[in-house]
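*Asks:* here are the coordinates; sequence isn't available:
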């Protein structure tokens with residue numbers, strides 16, 4: 001089979017099939033998260049801007065050009081940069097920014113080749129550091145150079161990664177790969193069919209199987225192109241059973257689950273969804289936060305009288321958990337990092353988190369970011385990064401004990417105790433033990449909630465086992481040494 005041979009040559013790794021199997025596994029996992037596995041098809045793409053999804057490449061290029069333009073505008077028009085106006089440095093940036101503006105206009109016309117031509121024409125001439133501007137305004141020149149360099153890196157990446165080929169060349173490459181992707185999908189369908197037969201033989205069902213089975217019961221026909229469906233008699237009957245369908249954490253919903261909720265609802269008029277795009281963390285499990293974003297865009301703000309007229313939305317931006325200073329910090333971070341292009345949220349006043357009155361006005365608090373600097377060259381006794389972090393955190397906890405804080409549970413101000421504090425790790429596996437040991441060396445008791453840690457590996461249990469083993473046989477070396485090295 002020539003197409004299968006092309007597929008193996010494209011994804012194969014020479015002597016080993018490991019790379020090929022990895023690709024097949026990833027494709028299978030993706031397919032299992034789709035509503036109907038047998039309907040996965042290679043999309044027909046006529047515009048290079050639709051690569052990776054409808055308007056995905058267009059949006060990526062637009063965002064890159066806007067980011068670079070923002071850096072140039074700072075250098076050219078910010079009042080503090082006025083002393084550079086008219087210098088050779090300023091003239092060079094003005095030429096580059098002019099070309100950037102022309103590229104944005106070509107992009108708006110969806111003229112890929114013209115946009116590519118303009119971006120490739122920007123040469124980024126080297127700055128002459130011997131001019132008077134560098135002598136008179138060294139700090140301003142340093143700022144301007146830094147921002148221009150960032151813009152240059154962005155535009156150079158576009159030149160090399162996207163605009164190195166014409167639109168026709170990109171589409172030609174895409175069409176050549178369609179056969180390979182078609183083979184991949186056919187193999188995935190074959191894998192799914194054989195795996196399903198094996199599970200049926202052993203009377204096993206995965207969670208994916210349960211979702212697919214539910215869709216087969218609820219939906220007679222589904223059109224993936226229009227995302228429309230025809231309901232079964234069972235779905236129409238079940239709809240009458242649910243007055244309301246309430247779904248939390250909708251930003252982590254996948255396409256199968258979304259389709260199930262829609263099929264069980266009454267034309268989506270009795271679904272109440274709660275979600276937060278800032279908390280979207282399950283894309284690696286094929287969650288589709290854009291589903292929630294699309295639903296909000298297609299809805300209208302709820303009126304002042306809070307009457308429910310589907311589809312409508314209401315901002316839940318009052319926070320009843322965190323100190324106002326923590327909310328200020330979170331808002332500062334998200335306002336700089338989230339946008340419609342990145343995160344699918346324009347982080348405006350409606351999105352900001354506001355204190356819900358949990359803390360009285362004037363309650364002290366602050367957010368602190370500490371940087372731990374390790375020596376570049378250390379000896380044998382130098383701590384690893386995680387060990388250094390654990391030691392620092394343990395010392396920090398000691399210094400915090402006794403400081404005044406507001407106890408929201410009892411509505412009083414009192415001294416901070418060890419039991420009031422917690423250490424949150426991005427992942428506890430392989431990490432929590434270092435913090436536990438650092439605390440115990442300082443005589444601070446703690447509870448390790450690492451679920452991966454087995455009961456017999458807990459420090460206290462290990463010590464108790466060692467005691468019992470030595471009592472049973474005083475000549476057992478390892479438990480005896482364990483006790484001798486313990487505190």
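*Replies:* Structure received. A quick note: this is a predicted structure, and the numbers were derived from the prediction, not measured. Residues are numbered from 1 along each chain as shown.
*Asks:* what sits against the residue nearest the centre of the chain?
*Replies:* Residue closest to the mean C-alpha point of the chain, counted by C-alpha atoms, centre = their mean, is residue 281 at 5.5 Å. Residues near residue 281 by C-beta atoms under 8 Å, 6 or more residues apart in numbering: residue 252. (Glycine included, C-beta is placed from N, CA and C.)
*Asks:* all the strands of the stretch 351-487 of the chain, residue numbers only.
*Replies:* Ranges of strands within the stretch 351-487 of the chain are 354-355, 404-407, 412-415, based on DSSP state E, counting those that start in this stretch.
*Asks:* sorry, back to before: distance of the residue nearest to the centre of the chain from residue 334?
*Replies:* Applying C-beta to C-beta, to the nearest Å, the value for residue 281 to residue 334 is 14 Å.
*Asks:* looking at this, residue 246 is in a helix?
*Replies:* No - read with DSSP: H, G, I helix; E, B strand; the rest coil, residue 246 is strand and lies in no helix.
*Asks:* check contacts around it.
*Replies:* 271-272, 274.
*Asks:* report the buried members of those residues.
*Replies:* Those of the contacts of residue 246 that meet the buried threshold are residue 271, by 16 or more other C-beta atoms under 10 Å.
*Asks:* just send the contacts of residue 246 back as JSON lines, with pLDDT too.
*Replies:* As requested, those are exported to JSON lines (pLDDT from 0 to 100):
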{"residue": "271", "pLDDT": "91"}
{"residue": "272", "pLDDT": "92"}
{"residue": "274", "pLDDT": "93"}
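*Asks:* Throw the contacts of residue 246 into JSON lines and include distance to residue 138 and secondary structure, thanks.
*Replies:* As requested, those are exported to JSON lines (distance: C-beta to C-beta, whole Å; DSSP: H, G, I helix; E, B strand; the rest coil):
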{"residue": "271", "distance to residue 138": "60", "secondary structure": "strand"}
{"residue": "272", "distance to residue 138": "59", "secondary structure": "strand"}
{"residue": "274", "distance to residue 138": "53", "secondary structure": "coil"}
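*Asks:* what's the closest of the contacts of residue 246 to residue 84?
*Replies:* residue 274 (50.2 Å; C-beta to C-beta).
*Asks:* can you tell me the closest non-neighbouring residue to that closest one?
*Replies:* With C-beta to C-beta, 6 or more residues apart in numbering as the criterion, residue 274 has its nearest non-adjacent residue at 5.0 Å, and that residue is residue 248.
*Asks:* mind checking pLDDT for the one you found?
*Replies:* At residue 248, the predicted lDDT confidence score is 93.
*Asks:* what separation do you get for residue 395 and residue 110?
*Replies:* 58 Å.
*Asks:* make that residue 199, sorry
*Replies:* Taking C-beta to C-beta as the measure, residue 199 falls 47 Å from residue 110.
*Asks:* same question for residue 460.
*Replies:* Distance from residue 460 to residue 110, by C-beta to C-beta: 66 Å.
*Asks:* compare these two (neighbour count), which wins?
*Replies:* residue 110 (14 against 9; other C-beta atoms under 10 Å).
*Asks:* what's that one in contact with, if anything?
*Replies:* If you count contacts by C-beta under 8 Å, 6+ apart, residue 110 has them with 47, 49, 58.
*Asks:* from the residues you listed, which land in helices?
*Replies:* If you go by DSSP state H, those have residue 58 in helices.
*Asks:* most neighbours, which of the contacts of residue 110?
*Replies:* residue 49 (20 neighbours).
*Asks:* thought that residue was touching residue 111?
*Replies:* No - if you go by C-beta atoms under 8 Å, residue 49 and residue 111 don't touch, sitting 10.4 Å apart.
*Asks:* right, and residue 440 touches residue 447 too?
*Replies:* No - contact between residue 440 and residue 447 fails when scored by C-beta under 8 Å: they sit 11.7 Å apart.
*Asks:* neighbour count winner among these two?
*Replies:* residue 440 (16 against 9).
*Asks:* pLDDT score for that one?
*Replies:* Note on residue 440: pLDDT of 89.
*Asks:* also residue 422?
*Replies:* 93.
*Asks:* that one: neighbour count?
*Replies:* Count around residue 422 with other C-beta under 10 Å applied: 8.
*Asks:* so where is the stretch 351-487 of the chain shaky, pLDDT-wise?
*Replies:* Within the stretch 351-487 of the chain, the ranges that satisfy pLDDT under 70 run 377-381, 428, 451-459, 487.
*Asks:* tell me where it has helices.
*Replies:* All helices of the stretch 351-487 of the chain, identified by DSSP state H, counting those that start in this stretch, fall at 385-400, 432-441, 459-472, 477-485.
*Asks:* among the ones you listed, which comes closest to residue 209?
*Replies:* helix 432-441 (34.2 Å).
*Asks:* helices or strands next to the closest one in the packing?
*Replies:* helix 385-400, helix 459-472 (3 or more C-beta pairs under 8 Å, 6 or more residues apart in numbering; DSSP states H and E).
*Asks:* low pLDDT regions in this structure?
*Replies:* Residues of the chain that meet the cut-off, pLDDT under 70, sit at 13-14, 41-44, 51-54, 127-134, 303-308, 341-342, 377-381, 428, 451-459, 487.
*Asks:* that older thread, could you identify which of the helices and strands packed on helix 432-441 is most buried?
*Replies:* helix 385-400 (a mean of 16; mean count of other C-beta atoms under 10 Å).
*Asks:* what angle separates that helix from helix 432-441?
*Replies:* Helix 385-400 runs at 40 degrees relative to helix 432-441, counting by axes from the mean of the first three to the mean of the last three C-alpha atoms, to 10 degrees.
*Asks:* what's in contact with helix 385-400?
*Replies:* Residues contacting helix 385-400 (C-beta under 8 Å, 6+ apart): 370, 372, 374, 383, 416, 418, 421, 423, 431, 434-435, 437-439, 441-442, 444.
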